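1. A structural model of the following input is requested.
(one chain, ligands or ions: 1)
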Amino acid sequence: MNRFEEIRQQFLEEAKERVDSQSIYELRKAYLDRKIGKVNALMKEMRSIPKEDKAAFGQGVNALKDWVLEQLTEMESKARAAELQRRYEREKIDVTVPGKEIKRGKLHPITQMKEQMVNVFAGMGFEIYEGSEIENDYYNFTALNTPMDHPARDMQDTFYLSPEFLLRTQTSAGQIHVMEQEKPPIKILSPGKVFRSDDDATHSPMFSQMEGLVVDKGITLCDLQGMLDEFVQQIYGEGTHTRLRPSFFPFTEPSVEVDVSCFACGGKGCKLCKGTGWIEILGAGVVNKKVLENCGIDSDVYSGFAFGIGIERAAMLKYGINNIKLLFESDLRVLDQIDDM
Ligand code: PHE
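-> Residues are numbered from 1 along each chain as shown. All right, here's what the predicted structure looks like:
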């Protein structure tokens with residue numbers, strides 16, 4: 001009986017500090033393991049117990065075993081509950097916290113404008129030609145009927161990289177590359193960056209243009225205006241139309257300045273159109289015969305038209321931006337407002 005009590009006391013002593021499943025499991029092993037458990041070891045002593053005491057000894061061992069088991073079961077369930085509680089606390093989530101707003105990115109306004117323009121002309125069958133930003137004097141000027149001493153060179157202040165190479169001042173340089181490489185019919189659209197030494201609220205030393213060129217038999221200024229009318233309606237809304245005014249470019253003859261009827265006031269006159277009802281949007285004209293000949297295209301058989309649109313200007317007009325710098329500063333307070341696709 002003393003042995004049983006001794007083991008009981010020992011067990012209680014060892015159980016005191018054990019509150020986690022792992023150490024309780026070790027305690028279970030120390031007492032109830034078939035081979036090394038202290039309680040099971042008692043059974044082996046049965047042999048040396050006098051016959052008349054064997055029954056009482058066996059009952060004592062069983063009672064002790066039941067007691068130890070009961071203790072362990074209670075300890076284990078307490079430990080499990082405490083562990084579960086800790087886990088609940090650790091993994092607590094507040095389902096009422098408002099979700100984090102994930103901001104959707106947008107295309108830059110210049111890209112939005114450019115893609116809309118490309119879409120309109122792609123629908124008319126134009127193909128994209130990507131020119132290069134570094135050109136030589138021949139492609140940017142001379143082949144476009146603007147020789148070295150031509151006064152029209154002063155229209156565009158040029159960044160020269162060397163006496164021969166320069167940053168293109170106009171996407172028109174691409175016209176020459178295309179006409180050198182392809183025979184008519186030609187119908188290309190060439191968007192890209194251009195560079196001029198020019199800097200104020202409406203001019204930036206780097207800006208974007210969209211060149212259009214069509215060359216085929218029997219192309220006239222009427223074809224140009226027809227396409228541009230369709231274009232302005234799709235970009236600035238139904239009911240807008242164009243007006244051609246005489247102008248000058250060395251590479252087109254005749255040359256025109258194209259105005260769009262004011263899409264803000266419908267032509268009545270407002271701040272945007274400065275009371276005139278019209279807004280200038282691009283330069284264009286019938287391709288100068290000299291330019292066709294420079295590219296080996298027979299100007300008695302073929303004719304064409306070309307136009308060049310300033311993409312920033314088109315975007316500023318459409319989105320009501322009054323300073324071109326806002327398009328280059330990447331200020332999200334500005335960019336966030338323009339979602340036009
Ligand atoms: N390249 C001219 C400019 O930058 C625009 C233009 C293009 C005019 C094609 C006529 C024909 O001002």
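2. Can you give me the buried ones in stretch 297-308?
-> Within stretch 297-308, the residues scored as buried using 16 or more other CB atoms under 10 Å are 297, 299, 302-308. Quick note: C-beta positions are derived from backbone N, CA and C, even for glycine.
3. got the end-to-end distance for it?
-> Stretch 297-308 has an end-to-end distance of 21 Å (criterion: CA to CA, to the nearest Å).
4. And the ligand, is it touching that?
-> Yes: interface with the ligand: stretch 297-308 contributes 306-308 (CB under 6 Å from any ligand atom).
5. how about the residue in the stretch 51-200 of the chain that the ligand sits nearest to, what does it touch?
-> Per CB to the nearest ligand atom, residue 170 is where the stretch 51-200 of the chain lies closest to the ligand, at 3.6 Å. By CB atoms under 8 Å, 6 or more residues apart in numbering, the contact set of residue 170 is 140, 156, 194, 209, 211, 308.
6. Name the residues of this structure found near the ligand, please.
-> Counting by CB under 6 Å from any ligand atom, the positions of the chain adjacent to the ligand are 170, 172, 249, 252, 283-285, 306-308.
7. let's go with 5 Å and repeat that
-> Neighbours of the ligand within the chain, by CB under 5 Å from any ligand atom: 170, 172, 249, 252, 283-285, 306, 308.
8. Those in helices, which ones?
-> Assigned to helices by DSSP state H, none of these qualify.
9. if we can go back for a sec, could you list which of the residues of stretch 297-308 next to the ligand belong to strands?
-> 306-308 (DSSP state E).
10. nearest to the ligand, of those?
-> Using CB to the nearest ligand atom, these come closest to the ligand at residue 308, 2.8 Å.
11. Check whether that closest one really touches residue 213, as I assumed.
-> No: with contact defined as CB atoms under 8 Å, residue 308 and residue 213 do not form a contacting pair (9.7 Å).
12. which stretches of the stretch 101-250 of the chain form helices?
-> 109-123, 137-140, 173-181, 221-236 (DSSP state H, counting those that start in this stretch).
13. Can you tell me how far the residue nearest to the spatial centre of the chain is from residue 336?
-> Nearest to the mean C-alpha position of the chain, counting by CA atoms, centre = their mean, stands residue 105 at 5.3 Å. According to CB to CB, to the nearest Å, residue 105 and residue 336 sit 10 Å apart.
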